[in-house]
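Engineer: Quick check, what structure comes out for this input:
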Amino acid sequence: MFMPSSRNWEEMKYESAGCWPLPINGGDEYALVTKMAASTIKAAYRSCPVSLTVARAETPKGVVLATTLKVADDPAAPLMLSGVLRHEEEQLAIENILRTGKTLVIFFDELSRPVARAECDFTAAERNEASAMIDAPGSRYAGPWIPLLSDVLDEVQGFGDPQLAVPAKYAPTFVTIPLTLSGFETQASTTIGMTDVLDFRLDDPDEGGGLEQSTWHLLENLFEGRIIHSPHVCEASKLRELTDILTHCDAGMCLFESKVAAMLTTSLDRSTERREKSVQKQIDKGIDQLVGAMRNLGRGLPLVTKDGVAIELPSTVGNVHQGVVMVSEMLPGLDWEGIGKQLIDASKQSGAMLHVLDLRELRMLVGVSKDDPMLFAGHLAYRFDVMTERNHAMLRTRLDGPPMP
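Structural biologist: Residues are numbered from 1 along each chain as shown. Okay, the predicted model is just below:
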């Protein structure tokens, strides 16, 4: 499986999503290296429409090249990854990719893990037009990020989404090329912890298990030795799962429920409304399960591992409990005010602070916690306070500083 260059890797770790044309195999071949949510990669895997828009803008600093990769995981609200090609290796890569008419697409997920690759063919007529546009004479801009690039990128994004349209300043030229992906190969990965080993594969039919593994992958190092996968509770001589993942520290305990909206087995033509209803249903279920799990913790029922070994929590574990519903994607169109009210009401009922997160947001929170589980608990508590103050659960943590894990 291809691994990115150190420069691209550092950039990828900062970005929540992106598409980078790059040379691979010592410069003998080229690829579109992408990063996006696993749910969107699954849609591409299932042959949803994909296209690449190439843009060229004449500016006082030279010719600026940009691209937008469009993946129609939701026909009414497709993912669009726009970026300016400000490195010579990226400009050389797009030039050669268009000239050849085919390339590889390498897919990285939200955790920057390589999870799949596919062969990519470009529609001939549009590809020839884009190649001629790219090859036209003119000195290309390559260098650090400058304000001018933001202006160009605004126009590029406005072309892809009319709702983002801005007044023309450089009036880029655009060519959109339909892409055909084939020969998909998925990559298996394994997370090895102190007490458990969990596998992940993009095309695993157990999609809930995949999200659960990815959540574990993020948390295992942060809560090393203080994370339990699938703990069970003993009730009336019967065992049943308490929650998907339990972590603990001196602040208290945090429970995680993984609730994924299926992508591999559902129609690619689902409306946005149906997708939102599916995610809302998973959130409702996850909140109910967290309330029940918190009730069982409050009753002091014995806990055991999934292998039946008694769980003895340290006496230093605090009494601040938190619960997280992990979803495949925090869709903007959901009623996040209503979800906020659900979480606040359920938090009062359970005596814990409850949250809804996706992998993008959890990764950010783990990153700013700097290997300190107490700091992680503090960030979650602050996030809950902000949610309560604003009566809105659609919150995104932003990072300006060191790379995330």
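Engineer: Please, where are all the helices along the stretch 101-250 of the chain?
Structural biologist: Along the stretch 101-250 of the chain, counting by DSSP state H, counting those that start in this stretch, helices occupy 124-135, 147-160, 207-222.
Engineer: which helices and strands sit right next to the helix or strand bottoming out on mean pLDDT in the chain?
Structural biologist: None of the helices or strands of the chain scores lower by mean pLDDT, DSSP states H and E than helix 6-14, at a mean of 83. The contact analysis (3 or more C-beta pairs under 8 Å, 6 or more residues apart in numbering; DSSP states H and E) places helix 6-14 against strand 18-24, strand 29-35. In this view, the C-beta of every residue, glycine as well, is placed from N, C-alpha and C.
Engineer: can I get the ones you listed in TSV with mean pLDDT and mean neighbour count?
Structural biologist: Compiled in TSV, the helices and strands packed on helix 6-14 are given as follows (pLDDT from 0 to 100; neighbours: other C-beta atoms under 10 Å):
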stretch	mean pLDDT	mean neighbour count
strand 18-24	93	22
strand 29-35	94	23
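Engineer: Of all those strands, which one is nearest Thr265?
Structural biologist: With C-beta to C-beta, the closest approach to Thr265 among those belongs to strand 29-35: 23.4 Å.
Engineer: how close does the nearest residue to Asp199 once chain neighbours are set aside sit to Glu207?
Structural biologist: Closest residue to Asp199 apart from its sequence neighbours, by C-beta to C-beta, 6 or more residues apart in numbering: Thr190 at 5.1 Å. Thr190 sits 18 Å away from Glu207, taking C-beta to C-beta, to the nearest Å as the criterion.
Engineer: And for Arg240?
Structural biologist: If you measure Arg240 against Glu207 using C-beta to C-beta, the figure is 22 Å.
Engineer: the more surrounded of those two?
Structural biologist: A count of neighbours by other C-beta atoms under 10 Å puts Glu207 above the other of Arg240 and Glu207, at 21 against 9.
Engineer: ok, now which ones touch the closest residue to that one other than its chain neighbours?
Structural biologist: In space, Glu207 comes closest to Val260 once its chain neighbours are excluded; the distance is 4.7 Å by C-beta to C-beta, 6+ apart. Taking C-beta atoms under 8 Å, 6 or more residues apart in numbering, we find Val260 in contact with 39, 207-208, 210-211, 282, 327-328.
Engineer: Rebuild the helices of the stretch 101-250 of the chain as JSON lines, extending it with mean pLDDT.
Structural biologist: Output for the helices of the stretch 101-250 of the chain, formatted as JSON lines (pLDDT from 0 to 100):
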{"stretch": "helix 124-135", "mean pLDDT": "96"}
{"stretch": "helix 147-160", "mean pLDDT": "96"}
{"stretch": "helix 207-222", "mean pLDDT": "93"}
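Engineer: neighbours around Leu264, how many?
Structural biologist: 16.
Engineer: quick one, the strand ranked longest in the chain and helix 124-135 angle?
Structural biologist: The longest strand of the chain (DSSP state E) is strand 173-186. Relative orientation of strand 173-186 and helix 124-135, computed by axes from the mean of the first three to the mean of the last three C-alpha atoms, to 10 degrees: 120 degrees.
Engineer: Report the angle between strand 173-186 and strand 29-35.
Structural biologist: 90 degrees.
Engineer: buried ones in strand 173-186?
Structural biologist: Within strand 173-186, the residues that count as buried by 16 or more other C-beta atoms under 10 Å are 174-177, 179, 181, 184, 186.
Engineer: Same check on stretch 156-170?
Structural biologist: Per 16+ other C-beta under 10 Å, stretch 156-170 contains these buried residues: 156-160, 170.
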